[in-house]
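**Q** got a sequence here, can you model it:
(2 chains, ligands or ions: 2)
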Amino acid sequence: MASIATERSSDFYASLQPAEIGRLRPMSESAWRSFLEAGIPAPKNEEYKYLSFREMVSKHFGAPTAFDCTESDLQNFGLADTDGPRLVFVNGRWNERLSHLDAEPGVIVQPFSLAPGFDFEDIGSLAKVGKNPFVDLNTAHLDDGAFVSVNGTAAQPIHLIFVCVGDGHSHPRVWIELAPGARAAVIESHAGAGASFVNSVSEIHLNQDSALEHIRIQTRSETVFDFGWTEVWQESGSDLRSTNTAFGGRLARTDLNVFLNGENCHCLMNGAYFAAGEQVIDNHTRLDHAKPNCNSFELYKGILAGRSTGVFNGKIFVHQDAQKTDAKQTNQALLLSKQATVNTKPQLEILADDVKCTHGATVGQLREDAMFYLRARGIPEKQAKAILVQAFVGEVFENVRCESVRESLQNMLMNKFERNASSIEEM
Amino acid sequence: MKLLEIERLEAKVEEKQILKGVTLGIGPGEVHAIMGPNGSGKSTLAQVLAGNDAYEVTGGSVRYLGNDLLEMDPEVRAAEGLFMAFQYPVEIPGVSNLYFLKAAVNAARKHRGEPELDAFDFSALAKEKAQALGLDAAMLQRSVNEGFSGGEKKRNEIFQMAVLQPKMCILDETDSGLDIDALRIVADGVNGLRSADRGFLVITHYQRLLNYIVPDFVHVMVEGKIVRSGGKELALELEAQGYSWVEAAQGSAR
Ligand SMILES: Nc1ncnc2c1ncn2[C@@H]1O[C@H](COP(=O)(O)OP(=O)(O)OP(=O)(O)O)[C@@H](O)[C@H]1O
Ligand SMILES: [Mg+2]
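**A** Ligands and ions are numbered 1, 2, ... in the order given. Next comes the predicted model:
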């Protein structure tokens, strides 16, 4: 893999070195070596084509020093409202005081260090070392993380909160497993301020006939470099409902990889992002239909204001064995300024012959006729824009089952709109 | 004071001059009808009055309740009580009819310095008006005009008008596409709003609507100008003789 800053002795690489090298788990040692070998992706790298790492690698991120924040800090980050168990990590380290571990019977929500039944051997079994430098780097720093295990039905949504403060680097890690037939909703909130580099990895194992709603909400400040890698493994009859939202970050990249490893799986992959100013928000998804009779539905919506850049790359691989696959992918972008750009690339590779696969991509602006209609009924221009922006994203939010989260997402969308309303042009 | 005073109004769209000096005054309590051949500029007049900036005003003036209408943003015109029922109502997927109309009602109330209606009061008001127009409640929950039939769209415009209670109502071919029963319902809706302080400008091709909504004045627009004005009997003459008759009359007068 081509990479930049090949000078591995540079400040940037030195600052990312795990502190306890020599005392690491063997997996972390090899992950660090693998990361150094691959390095941060170079401009020519196809998978990172639209991301420039120039600014990032010129920085010196150092190990984080602060691991605490207050309840009111959390409030100020405008997180989704949930009752029920929550785990809070500050700069990658578990914060006991802010966490609520009490959970329903059959539900375990614990840091790795305290979790009964947790096995370090599982980590890395889905997000493997040696395939991606960010996963490697995360694994090199493997220490604690969030462990969620559900047997039965978790009625209350489970909230995992990853806060960053200051200008260090941190590497949150998540392991979620649902027993056969289990049902749960897990929300990952990635929030915080500062000029840090956050590089998280989540591994999700859905056993037979289990159902998970997984919601990732990224609202970090627009100075943070945020990377999030999610690897999902679905066994037969399981159901994933994923909503991936991004509002923050200087540079925000998510990778969501889902492998359908059994028949009759359902997979809903929805996403919404809102980039403004100089932000770059990049979503990559990969879906492997490996077995017959599964269906997947993917819908990503991007709003781009200012001089921001959006990227959507959606790969769907239908393996030879995966007859009767029904896959639909849609990607839509709404440009709110002439300087904003979006890069869209659907990639379908179909090896089975009896399948239904469709994909479509559109890029548009606020419709003038709709704007005039709203204004002609007395609705002020700014509010009319807000209504149309909400309508654009609506379909993604409506598919969120957790009602309180749906409302929080609406608020996040409108907050971001408010902050950028002045830069939203008539096109 | 007149509600609306249009003087020598000229407007163009995409470099094409459409309105070539329209003069028309509408007083409170009056119903004016405008008829005229396709493409003569009737909708252009309606759109210009509502503030669509796709149309460029190149001359003349419009005063609304004594103020310069052309200076106002479209939302201000609406909040001040000017309403235009679109010839082609716009579909807005993802925005519910009810949410949209509540935003409109409250924007006008805010503009007037009145407290906003809460969801409960608004929904009571909307239900009452919808019922009067024979709109079923499910339609209120649907996206604005999305997938509505032609007639449903027109009824939805009148429904909005009934809820917003404007002072100056401009109806652009609201009768087109309506079946006979719907025409009656719409006409009843309009007649129900007629009052001593409200004005109407009704654009139509058909005398039939004017049997229900009886106008005080009828104007004929040809090629961007009002070429003839008269009482309600003018509509009957037009129906009998066609536009060639006024066009010819105008030609000989030139
Ligand atoms: N956006 C536009 N771009 C180009 N031409 C336009 C536009 N809008 C209107 N026109 C033209 O202006 C002229 C007047 O149109 P207008 O819609 O005002 O006519 P009308 O009298 O309402 O006709 P009808 O009875 O068919 O509704 C027509 O020739 C039309 O093609
Ligand atoms: Mg017309």
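**Q** use CA for all of it now, contacts and neighbours both
**A** OK.
**Q** which one is the residue of the stretch 1-150 of chain B found nearest chain A nearest to, not counting chain neighbours?
**A** The minimum distance from the stretch 1-150 of chain B to chain A, using CA to the nearest CA, falls at B:Glu75 (3.9 Å). Spatial nearest neighbour of B:Glu75, chain neighbours left out: A:Gly378 (3.9 Å); criterion: CA to CA, 6 or more residues apart in numbering or on different chains.
**Q** sorry, back to before: residue contacts, the residue of the stretch 1-150 of chain B closest to chain A?
**A** Shown here is B:Glu75, whose contacts under the criterion CA atoms under 8 Å, 6 or more residues apart in numbering or on different chains are A:375-381.
**Q** for it, helix, strand, or coil?
**A** helix (DSSP: H, G, I helix; E, B strand; the rest coil).
**Q** tell me the pLDDT of it.
**A** Note for B:Glu75: predicted pLDDT of 98.
**Q** what do you get for A:Ala42?
**A** Predicted confidence (pLDDT) for A:Ala42: 89.
**Q** now do the one 10 residues further on
**A** According to the per-residue confidence, A:Ser52 scores 91 in pLDDT.
**Q** so what's it up against?
**A** Applying CA under 8 Å, 6+ apart to A:Ser52 gives the contacts A:Pro43.
**Q** wasn't it part of a helix?
**A** No. The secondary structure assignment for A:Ser52 gives coil rather than a helix, going by three-state DSSP.
**Q** do you know how far it is from A:Ser196?
**A** For A:Ser52, the distance to A:Ser196 under the criterion CA to CA, to the nearest Å works out to 17 Å.
**Q** also A:Gly145?
**A** Spatial separation of A:Gly145 from A:Ser196 under the definition CA to CA is 19 Å.
**Q** neighbour count for those two, which is higher?
**A** Neighbours around A:Gly145 and A:Ser196, counted as other CA atoms under 10 Å in any protein chain shown, are more numerous at A:Ser196. The numbers are 30 against 24.
**Q** for that one, report the pLDDT, please.
**A** A:Ser196 carries a pLDDT value of 93.
**Q** does it touch A:Phe225 like I think?
**A** Yes. Checked against CA atoms under 8 Å, the pair A:Ser196 and A:Phe225 is within contact range at 6.2 Å.
**Q** which stretches in the stretch 101-250 of chain B count as helices?
**A** In the stretch 101-250 of chain B, helices defined by DSSP state H, counting those that start in this stretch lie at B:119-132, B:137-141, B:150-164, B:180-193, B:207-212, B:233-241, B:243-253, listed in chain order.
**Q** helices or strands next to the shortest one in the packing?
**A** The contact analysis (3 or more CA pairs under 8 Å, 6 or more residues apart in numbering or on different chains; DSSP states H and E) places helix B:137-141 against helix B:97-111.
**Q** excluding chain neighbours, what is closest to A:Ala421?
**A** Beyond its immediate neighbours in the sequence, the residue positioned closest to A:Ala421 (CA to CA, 6+ apart) is A:Lys382, lying 7.2 Å away.
**Q** for the chain, give me the ranges with low pLDDT.
**A** Since you didn't name a chain, this refers to chain A. A:1-7, A:9, A:21-23, A:425-427 (pLDDT under 70).
**Q** actually chain B
**A** In the predicted model, chain B carries pLDDT under 70 at residues B:248-254.
**Q** close to ligand 1: what parts of it are there?
**A** Selection of chain B residues close to ligand 1 by CA under 6 Å from any ligand atom yields B:13-14, B:18, B:37-44.
**Q** for stretch A:143-151, buried residues please.
**A** Within stretch A:143-151, the residues scored as buried using 16 or more other CA atoms under 10 Å in any protein chain shown are A:143-151.
**Q** what's the first-to-last distance across that stretch?
**A** 25 Å.
**Q** CA atoms of stretch A:177-197 as CSV?
**A** What follows is stretch A:177-197 as a C-alpha-only set of coordinates in CSV (Å, rounded to 0.1, in the frame of the first residue of the first chain):
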residue,chain,number,x,y,z
GLU,A,177,-22.0,-9.7,20.6
LEU,A,178,-25.6,-10.8,20.4
ALA,A,179,-26.5,-14.3,21.4
PRO,A,180,-28.8,-16.3,19.1
GLY,A,181,-32.2,-14.7,19.1
ALA,A,182,-31.1,-11.7,21.1
ARG,A,183,-32.3,-8.1,20.4
ALA,A,184,-30.7,-4.8,21.3
ALA,A,185,-30.0,-1.2,20.4
VAL,A,186,-26.5,0.2,20.8
ILE,A,187,-25.7,3.8,20.3
GLU,A,188,-22.1,4.9,19.9
SER,A,189,-21.7,8.6,20.5
HIS,A,190,-18.4,10.1,19.4
ALA,A,191,-18.2,13.6,20.7
GLY,A,192,-15.7,16.1,22.1
ALA,A,193,-13.6,19.0,21.4
GLY,A,194,-9.9,19.8,20.9
ALA,A,195,-7.6,19.0,18.1
SER,A,196,-7.2,15.4,18.6
PHE,A,197,-6.9,12.3,16.4
